[in-house]
Every structure is written in C-alpha cells, then in structure tokens.
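>>> Task: produce atomic coordinates for the following.
(2 chains)
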Amino acid sequence: MPRERSYLRYQLYRSLARKQASIATALLQLPAGQDLSKVRFEPIDAKALDAFERWDDPHFCWREIAEWKSREPLSLDIAIWFEEQLCGLCFANPNKSRQRIRVVRLEGRPGVPHPLKKRIALLSMMAIDEFAQIIGSKCIEVQEPIPGAIPVYTKLGFKFDLEGRLVLAVESKVP
Amino acid sequence: MRKSVKKSPTKKRSIKTDEKLISSELSANQQRFLQLLITGIEDEPNVLAGRR
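Numbers count the residues shown, from 1 in each chain, chains lettered A, B, ... in the order given. Okay, the predicted model is just below:
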C-alpha cells in the first residue's frame, strides 16, 4: 500500500489533471453559440452525487464510487459539469505499477439532452490523458467498453491490442 | 548558535515538478481530442464503459 504521502500527492495530481483539462477545453474556439468555457471538471463529490440522483434512469449506481475512492487512493474520479448541469461521470484507476490506467466506468447523462452530448468520452479522455502523463502511465485501457461505444473509442485513437484489450498509448507533450 | 534549517532536496524537486505540470503544452492525443471536440462524436451512447 502507498504511504500517506502518496495519497496527498495523488490528490494533487487529480486536481492538476482536471485543471489542465479545463484550461485546454476552455481555450478551444467553437462556432458561435457553443461555449466550452462553461465546462468544469470536478471530483465526484457530494454535490455531484446529489445531481446524479436527478438523472433519469442511469445505468450505474455512482453512489458506490465513494467507497471505491477510499479503497483506491490512486484513482481518478471525474464529474463533468456544464455550468450547474452534471453531464458525465467517470472513474479510472491505475494498476499497481502505474504503467496502465484503466477506465473502469464512464457514463453520460441519460434521458434529457444535455449541452455536452457527443463530447463526454472526449472530455473524460482529456483529463485521463493528463493524469496518465503526470503519473507516468504508458497506456490508457478501457476496461469494459460497451460494444456500441467502440466506434467512439476508435475515433479517439484506441485500438485493440494482441490480447484484445482496447488501449491508447500515452504520448508526451509536444511544444 | 542555532543551526540553520535547510529545505530538503525532495521539497525543492516537488516545487519544480509542480511548475512543470502546469503547462500549456498538449500531447498529440490531447490535440486530437481537442480537434474532435469542435464537432463532437456522433452517436455517442450514454453508457460508454463499465459493468453493472
């Protein structure tokens, strides 16, 4: 088990990854009427879980994440907000060597249309890729992709490796 | 005379690392993600990964 100091360090890394994803997203110039500067990357906290309760027929019970977070101190949890609307939730966890970070759960808000529809996987990967670079992971793996979502991951650059795992190599930053 | 307290090398490294982390540079993956963000990805299902 990592020492207490590691827990604090990972808390900082999570925060940096979300912040960096937020900055990069906000700077993106979009056609008139669209504004990603209102996107926020936050932890899955009490406020997110409260907003989640108002989702219409969600696939997962995200309340479990509170327990997962305490059990997996190196994990990354992301609540994707557009202003005050919770649009997506994601939980990713590095393996022991930290060489691989696995996307364990990813879900966009079901039911009513939301402003970040078509962009939940992309926004999640912005933060996960940042986190992966910070902790020195070599690849991102989608642990159990939903079959209907495979084309989405393919567009993101994921490929099936020889062992049938859906993976994306983590690349370093380019100036 | 009191001994002066020096900052540990670990602490110094940590600050430098933090500065490096907050960077405006993007990886090739992130640049691709940002390009795709402009239009989004059609037919993105609500549930993308995980097992119930």
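>>> sec struct for the residue in chain A that chain B sits nearest to, please.
Closest contact between chain A and chain B, by C-beta to the nearest C-beta, is at A:K118 (3.0 Å). All C-beta spots, glycine's among them, are computed from the backbone N, C-alpha and C. Secondary structure state of A:K118, per DSSP: H, G, I helix; E, B strand; the rest coil, is coil.
>>> and the residue lying closest to A:L166 once chain neighbours are set aside, what are its bridge partners?
Excluding the flanking residues, the one nearest A:L166 by C-beta to C-beta, 6 or more residues apart in numbering or on different chains is A:V142, at 4.5 Å. With DSSP bridges applied, A:V142 shows beta-bridge pairing to A:V103, A:L166.
>>> In this structure A:V142 contacts A:V103, no?
Yes - using C-beta atoms under 8 Å, A:V142 is in contact with A:V103, at 4.7 Å.
>>> Helix or strand: which one has A:L86?
Here A:L86 sits within strand A:85-94, counting by DSSP states H and E.
>>> give the contact list for the closest residue to the residue of chain A closest to chain B other than its chain neighbours.
Spatial nearest neighbour of A:K118, excluding adjacent residues (C-beta to C-beta, 6+ apart): B:G40 at 3.0 Å. The contact partners of B:G40, by C-beta atoms under 8 Å, 6 or more residues apart in numbering or on different chains, come to A:K117, A:K118, A:R119, A:L122.
>>> now do 10 Å
By C-beta atoms under 10 Å, 6 or more residues apart in numbering or on different chains, B:G40 lies in contact with A:Q34, A:L116, A:K117, A:K118, A:R119, A:I120, A:A121, A:L122, A:L123.
>>> Mind pulling the model confidence for it?
Turning to B:G40, the model gives it a pLDDT of 94.
>>> Now for A:V142 and A:V103: what residues contact both?
A:A92, A:A121, A:M125, A:I128, A:Y153, A:F158, A:L166, A:L168, B:L48, B:A49, B:G50.
>>> ok so, going back, flag whichever of the contacts of B:G40 scores worst on pLDDT.
A:Q34 (78).
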